[in-house]
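Participant: Task: produce atomic coordinates for the following.
(2 chains)
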Protein chains: 2
Amino acid sequence: MKLSSWSVLLVSILGECDITLALWPIPRSLKTGTSLVKLSPVFEIQTSGISNVPADLVAAIARTKTHLATDKLERLVVGRGSVDSAALKHAPSLTRLTLGLTPSAGKKVNSIMTETTKDIALREESYSLSVPANGGFASITASTSLGLLRGLQTFEQLFYDDGAGVTYAFQAPVAITDDKPAYPYRGFMLDTARNFFSVADIKRTLDAMSVVKMSVFHWHVVDSQSFPLTVPGFPELSQKGAYSSSEVYSTADVQDIVTYAGQRGIDVLLEIDTPGHTAVISTSHPEHIACAQATPWENFANEPPAGQLRLASPATANFTASLLTAIARTLPSTLFSTGGDELNVNCYTQDAQTQAELEASGQTLEEALNAFTQTSHNALKAIGKTLVVWEEMALAHNVTLSNSTVIMVWISSEDAAAVAARGLRLVHSPSDYFYLDCGGGEWIGNDPGANSWCDPFKSWQKAYTFDPLANLSASQSSLVLGGQQLLWTEQSGPQNLDTIAWPRAAASAEIFWTGSTLPDGTAANVVEALPRLNDIRYRMVQRGINAINLQPQWCALRNGQCNLDS
Amino acid sequence: MKLSSWSVLLVSILGECDITLALWPIPRSLKTGTSLVKLSPVFEIQTSGISNVPADLVAAIARTKTHLATDKLERLVVGRGSVDSAALKHAPSLTRLTLGLTPSAGKKVNSIMTETTKDIALREESYSLSVPANGGFASITASTSLGLLRGLQTFEQLFYDDGAGVTYAFQAPVAITDDKPAYPYRGFMLDTARNFFSVADIKRTLDAMSVVKMSVFHWHVVDSQSFPLTVPGFPELSQKGAYSSSEVYSTADVQDIVTYAGQRGIDVLLEIDTPGHTAVISTSHPEHIACAQATPWENFANEPPAGQLRLASPATANFTASLLTAIARTLPSTLFSTGGDELNVNCYTQDAQTQAELEASGQTLEEALNAFTQTSHNALKAIGKTLVVWEEMALAHNVTLSNSTVIMVWISSEDAAAVAARGLRLVHSPSDYFYLDCGGGEWIGNDPGANSWCDPFKSWQKAYTFDPLANLSASQSSLVLGGQQLLWTEQSGPQNLDTIAWPRAAASAEIFWTGSTLPDGTAANVVEALPRLNDIRYRMVQRGINAINLQPQWCALRNGQCNLDS
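Facilitator: This next block holds a predicted model:
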């Protein structure tokens, strides 16, 4: 036998041994077999013993039935779905999936939306799932509607199409016991201010998030460049500050997005960034903005245009608190972000009004910032909100933050330890792992040699190797709520929303659901993860999400054969 | 006046002074005025004095009329199209665009397709264009249908929409005299083998190329991973080698693409890469492939799977020449590429058959490579083709190349000088400027720390600063046919084709049309280019091409205000 023939044989054997169930995020407990089970033509999904099935659970069940019928994903193996067609002729059929409550649940079930928007520390997403090898009934049990949704999201990923109309699972029996997330906050952040995204774009993003059980959509809705949000009582902000009248989220749009998300197990964390990143407010309220569009902008802000809320002005503090509560009270989430990043001191030093107000009150700028922040935070707490802020509020400024405050760590992953040392809860959003916009070149107009400030590109592999507990003590681990990948949109818009985000942003979805240990007890690693991520990418494409290829299709169909010999 | 008010005023003045005509590529000669001219409701495009108007020129005229009606691009200024609405009420109307021939043209006109597929050194793309400020008739004159097409492509870029249904130019009179490209080869390369692209994807790419007057679609159609091309007489290659039966370009598809391109002034340079990058041929012709899928692949090839044509085998040389001529003879272009990159010597050293054949013939491997190449090249020359090869054929191997051969310089921009020193013509395709795939992370499955081999990302600015004549003598400059940006698709597919390519790939379209000097005599530079590239990006989006944002919309509407103070 010649060398080349030996090699082909060896590769074939290796390939056949290496077929894994392509769940993403992979459940924390998982047992699988090797049997094929197909969906019966009369397959149905029923609830059992639930007296008041919430409407959004009914809708979730309908979506799962639709996905089972329309995903049409063929397995990523040479020959695709056809390799199973012959064996499927004699495979047992699954006639039903039953959704039931665990004994602890009681009989009254809240809607998915209600469970999703609970205090983030109190959400219950656990579920168990069983698919028998001999056909009959599959089951999902959970103590909440949200847990049942998580089970449905897993169930959908078990099924493939053989290319001839048969929908089947290929590793029955499947037993998943008490799968639940390692962290409650598994997010995705979208900036809709640098460039605008339609409601349809956001819903498609929520669809993608839902595929991988993400739980929070962090909506960085406004910024210095545009104000596309209709705030009740403050219509002038978007009328003057949006890019155009058609690039505005109406009150109905916001409710539509929040509801769409909540029904899919996704809480919407809205952010109105303050006191920086607010230049656009000067278009309707110039009295509240210092250094509005001052030039050269780089002396006054991290990005053009310059402009910050006059934090030393009691009128501005009250305006800000009124604005934030006006939008926050319309949102079901308990979380709300007041931002707080990249404050520019020179803007205030050069602003005559701010200087006069500081002198009149006898406050330092830091004292004024603290008072300004308390005004907003107290108003938001009074309507039941838990505050979320960027890390500078905790680390760079002397701002009083209540223990419940959630800190977004973004400047560097290394800053998490300092936040934890202050005893504050945190969400990992580090630019060195999770910023999706890095590595795309420079957008500043006259800096042609530069690449992006956070070069290089943060690959999915880089994101996947993130350790949520790095440099934290065991007692600090409970301060970590989770993490998120983030899309700042200086160089993005509807055109590349999907392609820059997916499947990359699924990396953190697994990190923060599964944690660092795979169900077989081994450590999570990119080599094991790649075939599963390839699979979820192809499934996303089937659902209309423009997730990009991670490899040539030749590699995606041949797990391991595009690895280096190691 | 406070500082902030001064700043706003200053910015407003600067902004108003800095509005440029957003043509891309900018004509080499251009004079403009400041008058508005709108299209009359009865506006028409007519030919004048052309006895036999080719069908594809008729179609080009119809496309221009469609684009004028459907682009609906509003100017990138604050207020968008509405800023011109009042003045447009009294603006003169253009009732006609007349296309005419220059005296040198004669009365018989070839089709655009015929002109586009001529010997690349003989193509005539020159045109002159006039839009009067007082309305009436605009005109385009040229000596060929291809020149008239180039004029139409420019004409379309002169017009904007005011948001209320008026289509108008804002810098009339416009006078362009004898605009013609600095280089005939202005290309875009697409790899359809690592991942597959539909005919619709390719046509949309040709549409985008057409917007910026690109002239060559370099179609890297097959590679080691898949063979999606139906070759007359060799149906087994795609039957066995395509990813699936639906991922194949039929003979009709190829003709459809070639015709669609030719009608838009784009020549199709097809490449069948040989003797390397041919592993997939082993699926139907194992007898012709050495080290097929040998492992570890990195010992036998630059990418998996390994496999190269048995270049020392006369049977394989004849098979290859037959295959190449079978497809080449169906194509109108005079250009055809036999590839020739990344030959792996170890593959042949380890192949018993190759070693036996070398011993029998008494040839070295290099001598065998030369003989193999001559067999293919002679067969292609016999059917009128001009050969195109990757740079290794000229620089790394001792292969005889005729003077007409065109060398693709890809490994480094610095290699152009060595090719020119050999007296060979070249197309700039340097990985250090023009590779669109760089900077997206690693696709090899178990190399998580790595980024792409050609990091960093090649920004549009980097591409735009390319100097086609760097390190060449004045006498060597005529060897430069042009250049192209290239998309290798290990991590790309239909999902991100537009977003990874556009508007970035337009950078070289201008470099190789306009050259290094702007029409006002100043040197081309990214600061001047950015507002025009923003504009062409927004126009591409209006035409259904998912070109990405280069900046926040705030910046795109305010030329210069997102520059650093310098």
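Participant: could you pull out the strands for the stretch 201-350 of chain A?
Facilitator: For the stretch 201-350 of chain A, applying DSSP state E, counting those that start in this stretch gives strands covering A:216-220, A:267-271, A:289-290, A:308-309, A:335-339.
Participant: Tell me which of the ones you listed sits nearest to chain B.
Facilitator: Distance to chain B, taken as C-beta to the nearest C-beta, is lowest for strand A:289-290 among those, at 7.2 Å. (Each C-beta comes from the backbone N, C-alpha and C, glycine too.)
Participant: looking at the strands of the stretch 201-350 of chain A, which is closest to residue B:159?
Facilitator: strand A:216-220 (36.2 Å; C-beta to C-beta).
Participant: can you list contacts of that closest one?
Facilitator: When contacts are defined by C-beta atoms under 8 Å, 6 or more residues apart in numbering or on different chains, strand A:216-220 is touched by residues A:120, A:185-193, A:202, A:205-206, A:209, A:257, A:261, A:266-271, A:273, A:335, A:337, A:482, A:484, A:486, A:488.
Participant: Going through those residues, which ones are buried?
Facilitator: By neighbour count, with 16 or more other C-beta atoms under 10 Å in any protein chain shown, the contacts of strand A:216-220 hold A:120, A:185-193, A:202, A:205-206, A:209, A:257, A:261, A:266-271, A:273, A:335, A:337, A:482, A:484, A:486, A:488 as buried.
Participant: Return the subset of these lying in helices.
Facilitator: A:202, A:205, A:206, A:209, A:257, A:261 (DSSP state H).
Participant: now those as JSON lines including distance to chain B and pLDDT?
Facilitator: Listed next are those as JSON lines, based on distance: C-beta to the nearest C-beta, whole Å; pLDDT from 0 to 100:
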{"residue": "A:202", "distance to chain B": "17", "pLDDT": "98"}
{"residue": "A:205", "distance to chain B": "15", "pLDDT": "98"}
{"residue": "A:206", "distance to chain B": "18", "pLDDT": "98"}
{"residue": "A:209", "distance to chain B": "17", "pLDDT": "98"}
{"residue": "A:257", "distance to chain B": "21", "pLDDT": "98"}
{"residue": "A:261", "distance to chain B": "24", "pLDDT": "98"}
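Participant: Could you find which two of these are furthest from each other?
Facilitator: A:209 and A:257 (12.2 Å).
Participant: Residue of the stretch 201-350 of chain A nearest chain B, please.
Facilitator: For the stretch 201-350 of chain A, C-beta to the nearest C-beta, closest residue to chain B: residue A:296, 3.3 Å.
Participant: list the contacts for the closest residue to that residue other than its chain neighbours?
Facilitator: Of all residues not flanking residue A:296 in the chain, residue B:565 sits nearest, at 3.3 Å (C-beta to C-beta, 6 or more residues apart in numbering or on different chains). For residue B:565, the contact set (C-beta under 8 Å, 6+ apart) comprises A:295, A:296, A:298, A:299.
Participant: which residues does residue A:251 contact?
Facilitator: Per C-beta under 8 Å, 6+ apart, neighbours of residue A:251: A:230, A:232, A:330.
Participant: Show the buried residues in those.
Facilitator: Applying 16+ other C-beta under 10 Å to those flags residue A:230 as buried.
Participant: In helices only, show me the contacts of residue A:251.
Facilitator: Going by DSSP H, the helices hold none of the contacts of residue A:251.
Participant: between the contacts of residue A:251, which is nearest residue B:100?
Facilitator: Using C-beta to C-beta, the contacts of residue A:251 come closest to residue B:100 at residue A:230, 54.1 Å.
Participant: which stretches of the stretch 451-566 of chain A form strands?
Facilitator: A:480-487.
Participant: which stretches of it form helices?
Facilitator: Using DSSP state H, counting those that start in this stretch, the helices of the stretch 451-566 of chain A run over residues A:460-464, A:497-501, A:506-514, A:526-542, A:553-556.
Participant: and for the second one, what are the contacting residues?
Facilitator: With C-beta under 8 Å, 6+ apart as the contact definition, helix A:497-501 has outside contacts at A:188, A:190, A:197, A:201, A:204-205, A:208, A:436-437, A:440, A:485, A:487, A:492, A:545-548, B:495-496, B:499-500.
Participant: same thing with the first one?
Facilitator: By C-beta under 8 Å, 6+ apart, the surrounding residues in contact with helix A:460-464 are A:433-434, A:485, A:503-508, A:510-511, A:524, A:526, A:529, A:533, A:550, B:441-442, B:448-449.
Participant: Point out where chain A drops to low pLDDT.
Facilitator: A:1-20, A:107, A:448, A:566 (pLDDT under 70).
Participant: Direction included, what does the lengthiest strand in it pair against?
Facilitator: Ranked by number of residues, the top strand in chain A under DSSP state E is strand A:31-48. Next to strand A:31-48 in the sheet, as set by DSSP bridges, lie strand A:93-101 (parallel), strand A:167-179 (antiparallel).
Participant: Would you mind confirming that residue A:222 is in contact with residue A:230?
Facilitator: No. Checked against C-beta atoms under 8 Å, the pair residue A:222 and residue A:230 is beyond contact range at 10.9 Å.
Participant: Spit out the residues that contact the two alike.
Facilitator: What both residue A:222 and residue A:230 touch, as defined by C-beta under 8 Å, 6+ apart, is an empty set.
Participant: Residue B:334 versus the residue nearest to residue A:296, what's the distance?
Facilitator: To residue B:334, residue B:565 is 51 Å away according to C-beta to C-beta, to the nearest Å.
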